[in-house]
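Q: Here's my sequence, what's the structure:
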Amino acid sequence: MDEVQYREEQWFPKFVNVLVGGAAAGSLIGLAAARSERWAGSLLATAGSILGITALFAPMRTTVDGEGVTVTFGLPGWIRFRIPAGDIGSVEPVTYHPIRDFGGWGIRFGRGGTRAYTARGDRGVRIG
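A: Numbering: from 1, shown residues only. Take a look at the predicted model:
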C-alpha cells in the first residue's frame, strides 16, 4: 500500500449516539424484566440490533493514498468503500445541504447517481 497522504476521522453527533444507546439500554432493561421466553428472545434481538447499529455510528474514517480513497464506517471499519485512483478524474471542495441533497447524513444516495459518505457537517469533497 502507498503512503497515506490524508487521513480524517469524523464522529456522528453525540445526540445520535445517545438516542441509539438509550434505545439499546431500554431493550436490555426490558430483557432483564421479561418473564416469557418469547419476549426475552425478541428483546434480545432488538438489543443486539441496536448495539450493532451503535457500533456502526462510531467514526467514519477517510484515507487517501496513491491507490485511491477509502471510507470506512464503524469501530472496526465493518463498512468499507474504495474509490480507485484510476476512477478519479477530478476533485473539488464543496459546500452542500445534507438534508436537501441527500436526505441526511451517513451513506446516502442523491439525484443523478451521486453518493455522500458523511457523519456531520456540510462541507466535503466532490470526486468526479
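
Q: Which is the succeeding secondary structure element to the least confident helix or strand in the chain by mean pLDDT?
A: Lowest on mean pLDDT, DSSP states H and E among the helices and strands of the chain sits helix 37-56, with a mean of 64. Sequence-wise, the next helix or strand downstream of helix 37-56 (DSSP states H and E) is strand 60-65.

Q: any idea which helix or strand comes after that next one?
A: The helix or strand immediately downstream of strand 60-65 is strand 68-73, counting by DSSP H and E.

Q: Report all helices and strands that that following strand contacts.
A: strand 60-65, strand 79-84 (3 or more CB pairs under 8 Å, 6 or more residues apart in numbering; DSSP states H and E). Just so you know, the C-beta spots here come from the backbone N, C-alpha and C atoms, and that holds for glycine as well.

Q: So residue 124 is in contact with residue 97, correct?
A: No - with contact defined as CB atoms under 8 Å, residue 124 does not reach residue 97; the gap is 11.4 Å.
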